[in-house]
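Peer 1: Got a sequence here, can you build the structure:
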Amino acid sequence: MDASDLALVRAIHELHSLSAAAEQLGMAAPLATKRLAAIETRLGHRLFLRTTRRVTPTAEGEIVYAHATRLLDGFRALEEELAERQTDLAGDINLASTFGFGRLWLGPAVARFQQQHPRLNVQLQLTEQLPELSTQRLDGAVWLWTLQGPQAGHWTARRLARNQRVLVASPAYLEQHGSPGKPEDLARHACLVVRENGGASGQPFDLWHLQHTRDRSSTRVQVQGPLASNSGELVRDWCLAGHGIMLRSLWDIAPALASGALVRVLPSWCMPDADIQWLAPWRTQTPKRVRLLVNHLVEEFKDAPWRR
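Peer 2: Here you go, the predicted model:
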């Protein structure tokens, strides 16, 4: 079956008439009848029951109609997206992100997008508090948590990339203090706590929620340590210097892991809900320039470049 066959089935189903469907598609009624008969023969099922007054779909006809609708809508969406890419983008895009991810990954990705569309002006606001996007006239935010609370009912979310927060320490710290064998052992270690992003995960900073990567079992551990900060970069530096165990995103520490400056602790455990999200106020129609930026970010981050 090709697209014209699918369009014929959909038109007959929605108009309940072969002649009306033929007229809508700009073909002669006898040709529409012949085409439908050929489709039914090819599929081996009767799709419609015909009477002098009405055409009624069979159970198989309903199935074909449902698939035809999805496929035709998909074809149309594809054509529209490709057509949009042929036109120049212009105007302003205002977005927000956390300092760390914004500097390391989002900033360069946004700059590459702007180079592709030189008539665009992009304003990237780095912050540790998730802004109120609507009142601050922001098109969206790249953030590290899913929506929670009242915002979830008014904003939309799209995952840009998978990410994990993992436990790490320096080889020097582990040589001196040993490696924890299970999550509960963390309570007896010096844990470096990051107090940033306004507690957006909805739990105390020093209560670490960990999930097993294989069986998905979970546990919560109350940790403590002599050092804490609202700067993730500072806590990372403390960890590199051997002051304790840290829970940090892979996108931030992948180079240190690759070089051996940091090593994984309890490698079968990580913090869930660490994916990188696009958050935006709900609107009936998102501007084309914003939609294409989000698509660009999905493409940039789809293979988690920090894992390379």
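
Peer 1: Now do the contacts for the residue lying closest to P272 once chain neighbours are set aside.
Peer 2: Setting aside the residues directly before and after it, P272 is nearest to Q211 in space (C-beta to C-beta, 6 or more residues apart in numbering), at 4.4 Å. Yep, even glycine has a C-beta here, placed from its N, CA and C like the rest. For Q211, the contacting residues are 217-218, 269-272, by C-beta atoms under 8 Å, 6 or more residues apart in numbering.

Peer 1: just A261 next, same as before
Peer 2: 170, 240.

Peer 1: change it to 6 Å
Peer 2: L240 (C-beta atoms under 6 Å, 6 or more residues apart in numbering).

Peer 1: quick one: it from C239, how far?
Peer 2: 9 Å (C-beta to C-beta, to the nearest Å).

Peer 1: what's the longest helix in the chain?
Peer 2: Longest helix of the chain, by residue count under DSSP state H: helix 59-85.

Peer 1: For the residue nearest to P272, give the beta-bridge partners.
Peer 2: For Q211, the beta-bridge partners are S218, C270 (DSSP bridges).

Peer 1: what residue ranges in the stretch 101-250 of the chain score low on pLDDT?
Peer 2: By pLDDT under 70, the weakly predicted segments of the stretch 101-250 of the chain are 135, 145-154, 197-203.

Peer 1: before we move on, the earlier item: in the longest helix of the chain, what's buried?
Peer 2: 61, 64-65, 68 (16 or more other C-beta atoms under 10 Å).

Peer 1: Which other helices and strands does it contact?
Peer 2: The contact analysis (3 or more C-beta pairs under 6 Å, 6 or more residues apart in numbering; DSSP states H and E) places helix 59-85 against helix 3-15.

Peer 1: helices or strands next to the helix or strand that the helix it packs on is followed by in the packing?
Peer 2: Tracing the chain C-terminally past helix 3-15 and defining elements by DSSP states H and E, one meets helix 18-25 next. Secondary-structure packing of helix 18-25 (3+ C-beta pairs under 6 Å, 6+ apart): helix 3-15, helix 29-43.

Peer 1: how about the helices of this structure, start to end?
Peer 2: Using DSSP H, helices in the chain cover 3-15, 18-25, 29-43, 59-85, 99-101, 107-116, 171-177, 232-240, 250-259, 288-301.

Peer 1: need the ones you listed in JSON lines with distance to L207, can you?
Peer 2: Shown next, in JSON lines, are the helices of the chain (distance: least, C-beta to C-beta, whole Å):
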{"stretch": "helix 3-15", "distance to L207": "54"}
{"stretch": "helix 18-25", "distance to L207": "61"}
{"stretch": "helix 29-43", "distance to L207": "58"}
{"stretch": "helix 59-85", "distance to L207": "43"}
{"stretch": "helix 99-101", "distance to L207": "21"}
{"stretch": "helix 107-116", "distance to L207": "31"}
{"stretch": "helix 171-177", "distance to L207": "22"}
{"stretch": "helix 232-240", "distance to L207": "16"}
{"stretch": "helix 250-259", "distance to L207": "21"}
{"stretch": "helix 288-301", "distance to L207": "29"}
